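Peer 1: Have a look at this prediction, sequence included:
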Amino acid sequence: EAAQRDRVVALLRDKGELANFEARFRHKSGRILDTLFSASIIELDGEPCMLSITRDIGDRKRIELMFLEQNRMLHAVSEAQSDFIADADPHPTFDRLLTHLLDITDSRYGFICEVFRDDSGAPFLRPYAITDISWDDASRQLYEKYISGGFEFRNLKTLFGNTLTTGRPVLSNSPSSDPRRGGLPPGHPPLDSFMGLPLYRGEVMVGMLGAANRPGGYDEALVDHLQPFAATCAVLIEANRNSQRRRHAENLLRNMNLELEDHVNQRTAELQASIKELESFSYSVSHDLRSPLRGINGFSRLLQQDYGDRLDEQGREYLNRICAATLRMSELIDGMIDLAQLTREPIHMAEVDLSRLAETIARELQAAEPGRRVEFTAAPGIRARGDERLLRVAMHNLIANAWKFTARQEVAHIEFGVRRTGNDLAYFVRDDGAGFDMRYADKLFGAFQRLHGIKEYAGTGIGLATVQRIIQRHGGLVWAEGEIDKGATFYFTLS
């Protein structure tokens, strides 16, 4: 550019040299190059001349832009999750998400909607957030209807309707000639381009986001770039649904007939457990960054593979830390989701040989660590009624826990047995490992509650919470006794 060229000349005349000056040059092909420009004035045959070195920094600029876009995306995701937790009304959160969507995609119009189905199974949309494009009294009334919560999109013979019916992204950079289009009302602002993205939780489409009138149109690269953002929108929509189900369950509790007191007591216990689970699950889902984490990790891996040799040692260390942190978070999220799923699976009651289960689990652990010296004993003939698969999960967590916390013993001792407590049988797993301080016994069975540091003993903090959930579903209790450096005993009962 002429102005930049004049500035470079002026600086050279003033200082006599330039070092690492960022400048943009136009190649003879017409392509614009980002460069680092260094130059000094020298004399040749008494004439002042310029000696310069120009280095292409286009790749570095692209990496910087990629980091900037990732940071914008992460900021939008993080802000939305914080807002969702703080606000009872989800609409302000989605309004801010829509603002971020328009900013990230450089679009003029957009919406974020939840998908519903009518009695015939046909999908339709109810918006959480939508750009105000009203142009007359009638359209302003429609927008006010949206604000009051009564507005719906039901016309499936449109571009957004095609997204609903196919379940796939729809990109149209010439809507006026697109055969999938629908008509626009008189006075409606023209659509120059359109993008519709379905929002999925698992295999269920829970919502949709749309954007329109982006300069240059929309492409598949932008769709891929928006996956973390779309995943966050889907998570928040599902979390809001769960919250509504929880409130509905609470209303049912308040309206139950007092004459069915015994039934109410039984159902109250079940619903309270469900409510607690929904609260925990809603909290975890609102932080569910599985897809965003996968995107962060994937882009970080690509940066390592494609641009690692262009980063210094500190840059590569930062990337390694990002990858390690996302993998750790993914493990925690998987554990929380597995825990949440336990309450939704049916129980199949049968007689279970607990002694055989314990011995099988101990053999598996020994095979995994043949170098360990562990003396394991299981009282013979211990049987109980329960769901064998779930009880195996609970027993595995307890015995693996004992196995883990006896790792520093030269010869470890682990025992499975049973004793009578009043009218009930209490099954137990005892070890002579690290033990714990009884003052913190109430924290043992909470999700992500750990009494030992992760550097001392690996784990996610989900195992004992899983045990408690399984035992509660069997109508039993679970508790623990221990002493620091003298081992621990975990007890459970079954109804």
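Peer 2: Sure, I can see it.
Peer 1: from what I can see residue 390 touches residue 473, true?
Peer 2: Yes. Using C-beta atoms under 8 Å, residue 390 is in contact with residue 473, at 7.0 Å. For every residue, glycine as well, the C-beta is placed using N, CA and C.
Peer 1: Report the mean per-residue pLDDT for the one helix or strand residue 251 maps to.
Peer 2: Assigned by DSSP states H and E, residue 251 falls within helix 227-255. For helix 227-255, the mean per-residue pLDDT is 80.
Peer 1: in the sheet, who's paired with residue 201?
Peer 2: Beta bridges link residue 201 to residue 204 when assigned by DSSP bridges.
Peer 1: surely it meets residue 238?
Peer 2: Yes. With contact defined as C-beta under 8 Å, residue 201 counts as touching residue 238 (4.7 Å).
Peer 1: Give the burial count for the nearest residue to residue 468 once chain neighbours are set aside, as a bare number.
Peer 2: Distances taken as C-beta to C-beta, 6 or more residues apart in numbering put residue 445 closest to residue 468, at 4.2 Å, once the chain neighbours are dropped. When neighbours are counted by other C-beta atoms under 10 Å, residue 445 registers 20.
Peer 1: Doesn't residue 445 lie inside a helix?
Peer 2: No. Assigned with DSSP: H, G, I helix; E, B strand; the rest coil, residue 445 falls outside any helix and is coil.
Peer 1: pLDDT value on it, please?
Peer 2: 76.
Peer 1: was I right about it contacting residue 467?
Peer 2: Yes. If you go by C-beta under 8 Å, residue 445 and residue 467 touch, sitting 7.2 Å apart.
Peer 1: Please report the distance of residue 7 from residue 133.
Peer 2: 43 Å (C-beta to C-beta, to the nearest Å).
Peer 1: Please disregard the earlier target; I meant residue 313.
Peer 2: From residue 313 to residue 133 the distance is 51 Å (C-beta to C-beta).
Peer 1: between these two, who's got more neighbours?
Peer 2: More crowded of residue 313 and residue 133, by other C-beta under 10 Å: residue 133, with 15 against 7.
Peer 1: got the phi/psi numbers for the more buried one?
Peer 2: phi -120, psi 20 (degrees, to the nearest 10).
Peer 1: how far away is it from residue 191?
Peer 2: On the measure of C-beta to C-beta, residue 133 and residue 191 end up 10 Å apart.
Peer 1: What of residue 417?
Peer 2: Taking C-beta to C-beta, one finds residue 417 at 72 Å from residue 191.
Peer 1: sorry, back to before: buried residues, the helix holding residue 251. List them.
Peer 2: Using 16 or more other C-beta atoms under 10 Å as the test for burial, helix 227-255 gives 227-240, 242-243, 246, 249.
Peer 1: hey, where'd the strands end up in the stretch 51-200 of the chain?
Peer 2: 109-117, 123-130, 170-172, 194-201 (DSSP state E, counting those that start in this stretch).
Peer 1: The stretch 251-400 of the chain now?
Peer 2: 350-353, 374-378, 383-386.
Peer 1: ok, residue 39 - contacts?
Peer 2: 8, 12, 17, 18, 21, 50, 51, 52, 53 (C-beta atoms under 8 Å, 6 or more residues apart in numbering).
Peer 1: before we move on, what SS does it have?
Peer 2: Classified using three-state DSSP, residue 39 is strand.
Peer 1: who does it bridge with?
Peer 2: residue 18, residue 52.
Peer 1: Quick check: it vs residue 11, distance?
Peer 2: 9 Å.
Peer 1: Quick one: low-confidence residue ranges for the stretch 151-300 of the chain.
Peer 2: 184-187, 254, 256-261, 263-264, 267, 271-272, 274-291 (pLDDT under 70).
Peer 1: Could you rerun that using 50?
Peer 2: The model of the stretch 151-300 of the chain has pLDDT under 50 over residues 282, 286.
Peer 1: Could I get the full set of helices for the chain?
Peer 2: 2-15, 58-86, 90-105, 137-147, 159-166, 220-225, 227-255, 261-286, 290-307, 313-341, 354-368, 388-405, 463-473 (DSSP state H).
Peer 1: Rebuild these as CSV, extending it with distance to residue 27.
Peer 2: Converted to CSV, the helices of the chain look like this (distance: least, C-beta to C-beta, whole Å):
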stretch, distance to residue 27
helix 2-15, 15
helix 58-86, 11
helix 90-105, 30
helix 137-147, 49
helix 159-166, 39
helix 220-225, 24
helix 227-255, 34
helix 261-286, 49
helix 290-307, 22
helix 313-341, 28
helix 354-368, 60
helix 388-405, 62
helix 463-473, 61
